[in-house]
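**Q** Predicted coordinates and the sequence they were generated for:
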Amino acid sequence: MPLPRSRRALVALAALPLLALAAGQAAAAPIPAPAPAAPAAPAAATQVSAIEDEVARALATSLTDSALRDGLRSATAGTAAGTAELGPLAAAAQSPAARGLAATAANADHRIAAAKGLGAELGPLLRVQLADPSMRAALDAGAAPLVATAVADDHARTIRAYDTAGRAHNLDAGAVPGQPVYLVDIDTAKTLAAGIAVLQREFGARGLDATGLGTKGPGTATPGTKGPDAAQAAGGWWATKISGIEVADDEEPWFKGAAEMFSLVTGFGQDGKVRVDSVAMPYLQYDGTVYHPNQILVNWSNYKYNLADVVLMEDDGDTNYLALAQAVAAVLLTIADQGAYIPLVNAVLAALPTSWWTDDPDYVESWYTLARNSSGRLNGARGNGWMTVEPYFVQQF
């Protein structure tokens, strides 16, 4: 199935199986995948989408206020991305309608953070932007805008938008409307960074020795425990570096935009226990685009064996990072080191909430048997993406 480009976050789960094929030893059979787990909490997709829809209607009815309307038009025209934080924008408008909208946005920010398993200290999460640059002329000419949310379902035929009277309108998802449309969504770059922190904390608290490998951006890494094997060398350690990566091409609906990605790298640590390392991929925003991040994916000194499985996933803004960490940890902690290669991909995918297996394709791609000496282009198992990797020695000062 081709990968739809999502405006929000693409999530990547990279699961490292273990390898220790001693001379003459056959590989162990893959671990049977358990039945898909039920969501640990009410589906975040429903919660986040419903909250955004409420805010979209509230914003639409507030646009009868000329000060707020003009402020929004100016704010979304004054940034390169054409986006503005909704709460601060409303608070700055200094009118009764704007103050009511600011309160609604602040409450929604807290509810969204809770639905995604994040802390309340993140600050403003909701953003608003003009859906398409071609709408600017009509907006500047005084055309009344509609307000919609960028729905999670990339295959939606229509999206719902509201006018200033609060009436709902169904817009064709396949054609850019002639009337200006503002889109309400969340700052997925901010929630991704916070989600990575939650994953690291929760995996670490459950004894999975999580580290934030690559969370600082391309070409960076957080070294973990250094083991005595060949992956650890005098004065440094061996890694696998991504020199190129692309996800499959598909037409992007007008109501979508850039995505966010991250990885979880999991395998057996030097102590023989399962560990999970998180890898942020903030650069991987659009399908059909080749990126050259020179980013470290795996720090092999953290692991006992030298094969990896990579599972790429997308987050349409609905991912509950706390529930994800709890579900994955609950499965991985049941797996013991058997002294031979054990693929963990099926176990990780089976741990995902059932809401991730709907029309919204959160599961994107898989790469099996990534080894420490892997080099060159690796096509994904689903045909939805590829990456070029190479061994890389991280020299210590």
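**A** Thanks, I have the structure now.
**Q** can you give me the offset of the helix or strand encompassing Leu370 from its chain's centre?
**A** Per DSSP states H and E: Leu370 is located in strand 363-371. Averaging C-alpha positions (C-alpha atoms, centre = their mean, to the nearest Å) puts strand 363-371 17 Å from its chain's average.
**Q** buried residues in it?
**A** Tyr363, Val364, Glu365, Ser366, Trp367, Tyr368, Leu370, Ala371 (16 or more other C-beta atoms under 10 Å). Heads up, the C-betas are built off the backbone N, CA and C, glycines and all.
**Q** ok so Ile245 is a strand residue?
**A** Yes: counting by DSSP: H, G, I helix; E, B strand; the rest coil, one finds Ile245 located in a strand.
**Q** Spit out the contact partners of it.
**A** For Ile245, the contact set (C-beta atoms under 8 Å, 6 or more residues apart in numbering) comprises Met281, Leu284, Val290, Tyr291, Pro293, Gly385, Trp386, Met387, Thr388.
**Q** Just the buried subset of those residues, please.
**A** Met281, Leu284, Tyr291, Pro293, Gly385, Trp386, Met387, Thr388.
**Q** Out of those residues, the closest to Asn302 would be?
**A** For the buried ones among the contacts of Ile245, the closest approach to Asn302 (C-beta to C-beta) belongs to Met281, at 18.7 Å.
**Q** In the sheet, which residues pair with the closest one? Tell me.
**A** Assessed by DSSP bridges, Met281 has beta-bridge partners Met261.
**Q** ok, the strand holding Leu370: who's next to it in the sheet?
**A** strand 307-313 (antiparallel).
**Q** how about the CA coordinates for the strand it pairs with, as CSV?
**A** Extracted as CSV, the C-alpha positions of strand 307-313 are listed here (Å, rounded to 0.1, in the frame of the first residue of the first chain):
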residue,chain,number,x,y,z
LEU,A,307,21.4,-7.5,13.6
ALA,A,308,18.6,-4.9,13.6
ASP,A,309,15.0,-4.7,12.4
VAL,A,310,13.6,-1.3,11.6
VAL,A,311,9.9,-0.5,11.6
LEU,A,312,8.9,3.0,10.3
MET,A,313,5.6,4.4,11.5
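**Q** Quick check: what element follows that strand along the chain?
**A** Downstream of strand 307-313 (by DSSP H and E), the next one is helix 321-332.
**Q** how far does that following helix sit from the chain's center?
**A** 16 Å.
**Q** if we can go back for a sec, quick check, nearest of the buried residues of strand 363-371 to Ala98?
**A** Val364 (39.7 Å).
**Q** buried sites along stretch 168-178?
**A** Buried, per 16+ other C-beta under 10 Å, within stretch 168-178: Leu171, Ala173, Pro177.
**Q** What residues does the last one make contact with?
**A** With contact taken as C-beta under 8 Å, 6+ apart, Pro177 is in contact with Ala131, Met135, Leu146, Leu171.
**Q** Make CSV from the residues you listed and add secondary structure and pLDDT to it.
**A** Shown next, in CSV, are the contacts of Pro177 (DSSP: H, G, I helix; E, B strand; the rest coil; pLDDT from 0 to 100):
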residue, secondary structure, pLDDT
Ala131, coil, 85
Met135, helix, 87
Leu146, strand, 95
Leu171, strand, 91
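**Q** which two of these lie the greatest distance from each other?
**A** Met135 and Leu171 (12.0 Å).
**Q** which residues touch stretch 383-397?
**A** By C-beta under 8 Å, 6+ apart, stretch 383-397 touches 1-3, 221, 223, 233, 235-248, 296-297, 299, 310, 312, 364-365, 367, 370, 372-380.
**Q** Show me what counts as buried in it.
**A** Asn384, Gly385, Trp386, Met387, Thr388, Val389, Tyr392, Val394.
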